[in-house]
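J.: Build me a structure from this.
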Amino acid sequence: MKGILRHMKNILLPSLVVAGVSLLPLYGKTPASSNKDAAFLRLAAQADMTTAHLGQLAEDRAIRDEIKNLAKTLVADHTSDYHQLTALSMQTGDAIPTAIDKANNREIESIERYKGKMFDREFVLNQTAEHEKLFKAFHYEADHGTNPDIKAYASKALPAIERHLHDVENLRKLLAAKS
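T.: Residues are numbered from 1 along each chain as shown. Here you go, the predicted structure:
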């Protein structure tokens, strides 16, 4: 009997440890994300990385101080947002990109070729379109997402995106008036 108990202890204990360790990642996780929630996280991450990169470029190349100031804000806000996304993705188990994809790299390259007033114009037009797209995506996620943590993140980030959109629209109008 003693031999059987020792044998069971040698088999059962490691099995329980393995089972417990394999369940550890589930502790503290939120409910599984839908495909739409996961796609939203990937879109937000790409937007954060691309906008931060373009913002750094605008800090260096823009002529107008208003654009440089906006660029500085975009870099700070979208870098911070990407860090929040990283933490959220670890919590939900959804992978987010860690590098800018080909489509966004082409977008960056198309803006990099401009200088002076044309750079200012292209940057503002790009950021207007980008933030319109982000506003719609974040608003939709906040209203219709299935994962409560991702919905909360979208709701919390929405006012900053709306503010950025308002700021770039005002700059677009300013540049149009100066033309």
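J.: so residue 85 makes contact with residue 49?
T.: No. Between residue 85 and residue 49 there is no contact under Cβ atoms under 8 Å: 9.8 Å. C-beta: built from backbone N, CA, C; applies to glycine.
J.: okay, and for this protein, where does confidence drop off?
T.: Where the chain drops to pLDDT under 70, the residues are 1-33, 179.
J.: So the residue nearest the centre of it versus residue 144, what's the distance?
T.: Compute the mean C-alpha point of the chain, and by Cα atoms, centre = their mean the closest residue is residue 45, 2.7 Å away. From residue 45 over to residue 144 the distance is 19 Å, taken as Cβ to Cβ, to the nearest Å.
J.: Ok, residue 54 next?
T.: The value you get for residue 54 to residue 144, if Cβ to Cβ is used, is 28 Å.
J.: With residue 43 instead?
T.: Taking Cβ to Cβ, one finds residue 43 at 14 Å from residue 144.
J.: In terms of neighbours, single out the busier of those two.
T.: Set residue 43 next to residue 144 and count neighbours by other Cβ atoms under 10 Å: residue 43 wins out with 17 against 13.
J.: Spatially nearest residue to that one, not counting backbone neighbours?
T.: Among residues not flanking residue 43 along the chain, residue 137 sits closest, at 5.9 Å (Cβ to Cβ, 6 or more residues apart in numbering).
J.: so that neighbour makes contact with residue 42?
T.: No. Applying Cβ under 8 Å, one finds residue 137 not in contact with residue 42, separated by 10.9 Å.
J.: for residue 104, what are its contacts?
T.: Counting by Cβ atoms under 8 Å, 6 or more residues apart in numbering, residue 104 touches 46, 49, 50.
J.: The first one: how many residues sit nearby?
T.: Neighbour count of residue 46, defined by other Cβ under 10 Å: 18.
J.: and if you look at the last one?
T.: By the other Cβ under 10 Å criterion, the neighbourhood of residue 50 contains 20 residues.
J.: Looks like it contacts residue 109 (just checking).
T.: No. Using Cβ under 8 Å, residue 50 is not in contact with residue 109; the gap is 11.5 Å.
J.: What is the subsequent helix or strand relative to the helix or strand where residue 108 lies?
T.: Assigned by DSSP states H and E, residue 108 belongs to helix 102-112. For helix 102-112, the succeeding helix or strand toward the C-terminus, using DSSP H and E, is helix 116-144.
J.: All set, thanks.
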